[in-house]
Every structure is written in structure tokens, then in C-alpha cells.
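# Let me see the structure of the following:
(one chain, ligands or ions: 1)
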Amino acid sequence: MFGRSDAEIDLLVRGMQSGIAVVGFGYIGTVIGAVLADRGWPVTGIDVRQSVVDDINLGRTAVAEPGLGELVANSVRIGRLRATTDFGAVTDNDFVIVNVGTPLGPDYEPIVDDIKAAARAVGEHLRPGHVVILKSTVPPDTTETLVRPILEDASGLRAGVDFGLAFCPERLAEGQAIHELTSIPVVVGAVDERSARACATLWRHALGVDSVIVDDPRTAEMVKLADNLWVDLNVAMANELAKVCDRLGMDALQVIAAANTMPKGGNPVNILRPSMGVGGYCLTKDPWFVNHLGQTLGLELSIPRTSRTVNDTMPGYTFGLLRQLLADQGKALQASKIAVLGIAFKNNTGDCRLTPTKYVVTPLEESGCELAIHDPWVPEEEALSVTDIPLTPDIESAVKDADALVVLAGHKEFHQIPLTRLADLTAADCVFLDGRNSFDPPAVRAAGFIYKGIGR
Ligand SMILES: NC(=O)c1ccc[n+]([C@@H]2O[C@H](COP(=O)([O-])OP(=O)(O)OC[C@H]3O[C@@H](n4cnc5c(N)ncnc54)[C@H](O)[C@@H]3O)[C@@H](O)[C@H]2O)c1
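Numbers count the residues shown, from 1 in each chain. Reported below is the predicted structural model:
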């Protein structure tokens with residue numbers, strides 16, 4: 001693919017004659033691989049976990065993302081998607097997209113061990129013409145100073161001469177991953193112009209999205225960190241506004257909706273929503289990557305630490321609200337039944353990685369209250385990272401005789417059962433604490449609950 005003329009790349013990609021190897025078939029890899037296969041591309045997923053490979057080849061995925069299970073099942077059935085642990089599969093594909101994990105180390109530094117291992121294994125099977133695209137979130141210069149030398153050393157080839165190399169950050173959000181993958185422009189930072197053009201052609205025809213081509217991989221790496229720092233900081237501001245509005249007895253969501261009508265810098269102000277906490281694999285670590293980056297540059301940054309610190313206070317704040325609401329009804333927490341609805345870190349996903357819900361559930365467990373936990377999205381094994389209490393499989397049993405319903409993930413299923421039905425099942429004067437502000441307060445009150453949201 002790399003080294004051909006633009007017209008040839010265009011023809012090959014449009015004719016879907018190029019195969020795509022997706023290295024790292026976790027959350028992001030599975031979404032990318034399944035979507036590309038669904039759109040007609042031959043996709044080979046490569047992962048070091050045999051269980052992941054076996055699942056995919058049986059047409060299954062443990063990644064709980066709306067619509068993904070169907071895409072995987074269908075693509076495997078018609079033979080467009082398969083998975084392997086064998087990196088030899090790299091050789092037969094033109095594009096190699098790498099999405100291995102980049103967790104946070106003990107000193108809040110990014111751990112790039114999986115990137116190094118994946119780059120070496122890919123490099124050993126690299127051929128002239130390949131285009132390698134790194135998508136994992138990494139600090140600036142990782143593509144150029146870590147991945148490039150490993151690929152070149154293992155393959156004996158040169159990036160930008162024999163094979164293409166680019167960093168294209170993944171910016172989709174879980175819960176709406178399939179839609180976002182096929183609608184958000186892709187930022188492309190490549191080692192040379194030909195690599196950039198090959199990527200842009202791929203994204204245009206494979207996903208139907210535009211590319212934003214920046215100067216180099218390091219700029220694209222910084223873009224991803226900037227995006228996530230902005231989100232985390234913005235939510236932190238919304239959360240502190242919510243705390244103030246709680247004290248003042250006003251609705252933070254009304255304040256934010258009205259504030260967001262003011263234009264600034266060519267766009268309206270866009271304050272996000274307060275909630276019981278920020279979790280997941282990106283926002284909890286990427287600001288720390290920026291903080292660590294600052295330290296390596298001799299800078300003491302305040303923003304990343306502030307956003308992380310503020311957002312980390314929210315589960316404790318939510319727990320405090322619950323205790324107070326029960327006390328207002330003359331009930332002690334330890335003598336109450338509490339029904340927790342949703343433990344995933346985000347609405348309509350089953351992902352419990354670094355979920356803030358754990359820091360509401362744990363003090364509830366320690367309080368001595370009677371606790372029922374229901375989450376229709378979270379598999380039992382995934383739930384173990386949050387609680388040892390077995391999940392209650394149906395919502396009606398979970399809320400039966402509850403003194404408080406605590407919504408920690410606003411899954412769509414919780415909106416499908418009539419509020420009046422829930423109110424019939426719960427105890428008198430039942431508190432309804434909406435930690436995700438996903439319910440309409442007047443409707444909850446009309447059903448007979450004592451309503452409270454975060455900042456409303
Ligand atoms: N989850 C998100 O919403 C999201 C969004 C944007 C960006 N990202 C970034 O994308 C990257 C991947 O995130 P994820 O959530 O998919 O992680 P994940 O942990 O779900 O998936 C990583 C996969 O890589 C595999 N792997 C590890 N080492 C490997 C190797 N040497 N060769 C092949 N496979 C290997 C693992 O077995 C795992 O299946 C991270 O850098 C993350 O920061 C994630």
C-alpha cells in the first residue's frame with residue numbers, strides 16, 4: 001500500500017482489496033475490527049490473549065458495547081473477521097492498526113511495555129508497502145522514538161521509505177463507539193506525506209470520515225491528550241458548580257444549559273454535565289500522562305492534578321448525599337435497604353474498569369446496610385472488580401422494599417420500567433438519588449420518590 005500512487009491506493013482501498021490487521025483486540029481493537037469488517041474489509045485481529053481470540057472465532061465478544069455483539073457475530077459468520085495469536089498474519093495485510101493498552105504506572109507514568117512488545121512482533125513480519133498505524137494513547141514522541149526504531153530494527157526496513165508509519169489517536173467514547181468511529185474526523189500525524197495520504201485514504205473509504213492531517217506523530221499524540229484533559233477538566237468544573245448549586249438549592253443543569261447559550265471564540269460555551277464521578281480507561285489516566293509529561297519537562301502543571309482531584313471527590317460526595325437524604329427521612333443508613341442501579345463507569349456500557357461506582361459501593365458495603373446491586377450490562381466476572389456481592393439479575397427484586405434507589409449508571413433499561421412501578425415496589429418515602437442526572441426530576445417526584453440529582 002505504502003509507496004503506491006494516490007490513485008492506486010484509492011483504487012485498492014475503495015475496491016476493499018487490502019486487508020487490515022488489528023493488533024490488540026480489546027475494547028478499541030474489537031470496535032475498530034468489527035466495524036471495518038462490517039463495512040466490507042477482510043480483518044484479522046491479533047491478540048496475545050487466547051481467550052479473546054477463541055471468543056472472536058466463535059463469533060462472540062466480551063466487550064459490552066451497544067451493537068458490537070451483532071457486528072462481530074455477523075462478520076465472523078460471513079468470514080470477514082477472524083482472530084489469531086500469530087503475528088505472521090501481519091504479512092498478508094496492507095494496514096496494521098495497533099491498539100494495545102497503555103496503563104498508568106505506580107508513579108502516574110504511562111506504561112508502554114505492550115506497545116514495545118507489539119511493535120517488535122509486528123516488525124518481525126513487516127514487508128515493504130505496509131502501513132502501520134498506532135492508535136493507543138501515548139505521550140508525545142512515542143511513535144517516533146520508541147515504535148519507529150523497534151519496527152525498523154526488527155524488520156530491517158525504513159519508515160517513510162519502505163513502509164508507512166503514522167499515529168492516529170482513537171477519540172471515540174464508549175457507549176456510542178460504533179457511531180463515533182464512523183463520524184468523528186481522524187487526526188493523522190505521520191512520519192512522511194505518503195504515510196499521511198495512505199491513512200487519509202483508508203479513513204475516507206473505510207470509515208467514511210475526514211482526516212485532520214497534522215505536522216507529525218508527536219502533534220497527533222498531543223491532540224489526544226489535549227482532548228481528554230479538556231473533557232476531564234470541563235467535567236470537574238461542572239462537578240464543582242454542582243456542589244455550589246446543591247448548597248444554594250438550585251438546579252445546576254438549568255444553570256449549565258443557559259450558560260451554554262453564550263458564544264465564545266466562535267462556538268457556544270460547552271459546559272458538560274456533573275455526575276457521581278469520572279471513570280474508565282481514558283479520563284482517569286490521560287490527565288496524569290500530561291502531568292507526568294510536564295514533570296519530565298521541568299513544569300509543575302496544576303490543571304491535570306486539579307481535574308483528577310476534583311473528579312475523584314465525587315463518589316464520596318455522592319455517598320454523603322445519600323446518607324443525608326436518608327437522615328432527612330429519619331432513616332439510618334445501616335438500618336436501610338439500598339438498591340444500587342448500575343455499576344459500569346458509563347451509561348449503556350458493561351465496562352467497570354476504574355469505575356467510580358466502586359467508591360460508592362464499598363462504603364455502602366462497609367456501612368452494614370442491606371445492599372442489592374443490579375446492572376444488566378455488566379457480566380458477573382467484571383462485577384467482581386467492584387463488589388463481591390452477587391448482582392441481582394432483575395431490577396424488580398433489587399428495588400423491592402428499598403429505602404433508597406441509587407442510580408450510578410443511567411442505563412437505558414432503567415428508563416424502560418415505569419417509575420410508578422418502581423415506586424410501588426420500594427418502601428415508603430423512598431429516596432431516589434440519580435448519580436448520573438439521567439432522569440427527569442418532576443417525573444421522579446410525581447411517581448412518589450424523594451428525588452435528588454448531582455447539583456439538582
Ligand atoms: N477504551 C476507550 O474508550 C479508549 C478510547 C480511546 C483510546 N483508548 C486507548 O486505546 C488503547 C487501547 O485501549 P482498550 O480500552 O482497547 O484496552 P484493552 O485493555 O481493552 O485492550 C488492549 C488489548 O491489547 C492486547 N495486547 C496486550 N499486549 C499485546 C501485544 N503485545 N500484542 C497484541 N495484543 C496485545 C490485550 O490482550 C488486550 O486485549 C489504550 O491506549 C487506550 O488509552 C481507549
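
# SS state for the closest residue to the ligand within the stretch 251-400 of the chain?
Using Cβ to the nearest ligand atom, Y281 is the residue of the stretch 251-400 of the chain that sits closest to the ligand, at 4.4 Å. Yep, even glycine has a C-beta here, placed from its N, CA and C like the rest. Look at Y281: counting by DSSP: H, G, I helix; E, B strand; the rest coil, its state is coil.

# List the residues that contact the closest residue to it other than its chain neighbours.
Nearest in space to Y281, with sequence neighbours left out and distances taken as Cβ to Cβ, 6 or more residues apart in numbering, is R353 at 5.0 Å. By Cβ atoms under 8 Å, 6 or more residues apart in numbering, R353 lies in contact with 279-281, 345, 385.

# Could you do N99 as well?
Applying Cβ under 8 Å, 6+ apart, we find N99 in contact with 22-26, 28-29, 32, 135-136, 170.

# which of the residues you listed lies closest to the ligand?
Distance to the ligand, by Cβ to the nearest ligand atom, is smallest for G26 among the contacts of N99, at 1.7 Å.

# what's the distance between G88 and the ligand?
Remark: distance between G88 and the ligand (Cβ to the nearest ligand atom, to the nearest Å) = 13 Å.

# Surely A121 is in contact with F87?
Yes - counting by Cβ atoms under 8 Å, A121 touches F87, with 4.2 Å between them.

# Using the record's domain definitions, break the chain down for me.
What the record gives for the chain is the domain set 6-215, 253-456, from automatic domain parsing.

# Turn those domains into a markdown table, including distance to K224 and mean pLDDT.
A markdown table is the format used below for the domains of the chain (distance: least, Cβ to Cβ, whole Å; pLDDT from 0 to 100):
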| stretch | distance to K224 | mean pLDDT |
| --- | --- | --- |
| domain 6-215 | 3 | 95 |
| domain 253-456 | 7 | 97 |
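
# hey, where'd the strands end up in the stretch 201-350 of the chain?
For the stretch 201-350 of the chain, the strands defined by DSSP state E, counting those that start in this stretch cover 211-214, 263-264, 267-268, 337-341.

# Output the contacting helices and strands for the last one.
What that stands for is strand 337-341. In terms of contacts (3 or more Cβ pairs under 8 Å, 6 or more residues apart in numbering; DSSP states H and E), strand 337-341 is packed against helix 358-367, strand 370-374, helix 395-399, strand 404-407.

# Quick check: which of those is buried the most?
strand 404-407 (a mean of 27; mean count of other Cβ atoms under 10 Å).

# what comes up buried for the helix or strand following that one?
Using DSSP states H and E, the next helix or strand after strand 404-407 towards the C-terminus is helix 412-416. Residues of helix 412-416 classed as buried: F414 (neighbour count, 16 or more other Cβ atoms under 10 Å).

# Distance check, the residue nearest to Y281 against G435.
According to Cβ to Cβ, to the nearest Å, R353 stands 18 Å off from G435.
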